[in-house]
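**Q** When you get a sec, could you give me coordinates for this:
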Amino acid sequence: MSPETRDGEYAHSVGELLRSTRETKKLSLSDVHRDTKMSLPVLKALEQDDFTSFESEIYLRGFLKTYAKYLGLEADALVQRLDGQRGGGTPSSRGTTWDTEGIVKEERLRSPRILTRVILPLMLLVIVVLSILLALERRKVQEMQSNLRQVGRAAEVVDTQRA
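**A** Okay, here's the model as predicted:
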């Protein structure tokens, strides 16, 4: 979708384009709400070009892209149209949320270290304890076999003495 201009302005606002496309596809706001899980107030705000009701520029752009993709429109082109409609993409600030977005640094989330710090040492401990218990049981079995052999020999001696 390429934005068409007349006298340096867009022929249709972003909201008008969204609404007309939705109506052309014979979709109600309830249909869009059901399919996209976007709230009705958000959908209405987008269609009415009420961009000040969004807490931050990120939310506005995310909702706009979701709605555009749902309607089969080019999301990035629609965001560019939004920027042009608002005069070069300068968001009207609602306060500190919009001011801080530019300076927030993206951090990569590390994988949880529970595996290396907790689970593996715990498994190693369980293996060591089980090995020790197994060795003790083998020793007991060997002692019992040895005792049975001695009892068997003693019984043979007693049997030979009786006979």
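**Q** element containing Q142?
**A** When secondary structure is defined by DSSP states H and E, Q142 falls within helix 120-162.
**Q** roughly how far out does that helix sit from the chain middle?
**A** How far helix 120-162 lies from its chain's middle: 54 Å, per CA atoms, centre = their mean, to the nearest Å.
**Q** Over to stretch 55-66?
**A** 18 Å.
**Q** Then stretch 23-41?
**A** With CA atoms, centre = their mean as the basis, stretch 23-41 stands 25 Å off its chain's centre.
**Q** what's next to that stretch, contact-wise?
**A** Applying CB atoms under 8 Å, 6 or more residues apart in numbering, the contact partners of stretch 23-41 are R22, L43, K44, E47, S53, F63, T66, Y67, Y70, L71, G72. In short, each C-beta sits where N, CA and C put it, glycine included.
**Q** try 6 Å this time
**A** If you take CB atoms under 6 Å, 6 or more residues apart in numbering as the criterion, stretch 23-41 is touched by L43, T66, Y70.
**Q** now those as a markdown table including neighbour count?
**A** A markdown table is the format used below for these (neighbours: other CB atoms under 10 Å):
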| residue | neighbour count |
| --- | --- |
| L43 | 20 |
| T66 | 17 |
| Y70 | 19 |
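**Q** Now, the residues you listed that are in helices?
**A** With helices taken from DSSP state H, the overlap with the contacts of stretch 23-41 comprises L43, T66, Y70.
**Q** And those residues, which is closest to R139?
**A** For R139, the closest of the ones in helices among the contacts of stretch 23-41 turns out to be T66, at 68.0 Å, with distances computed as CB to CB.
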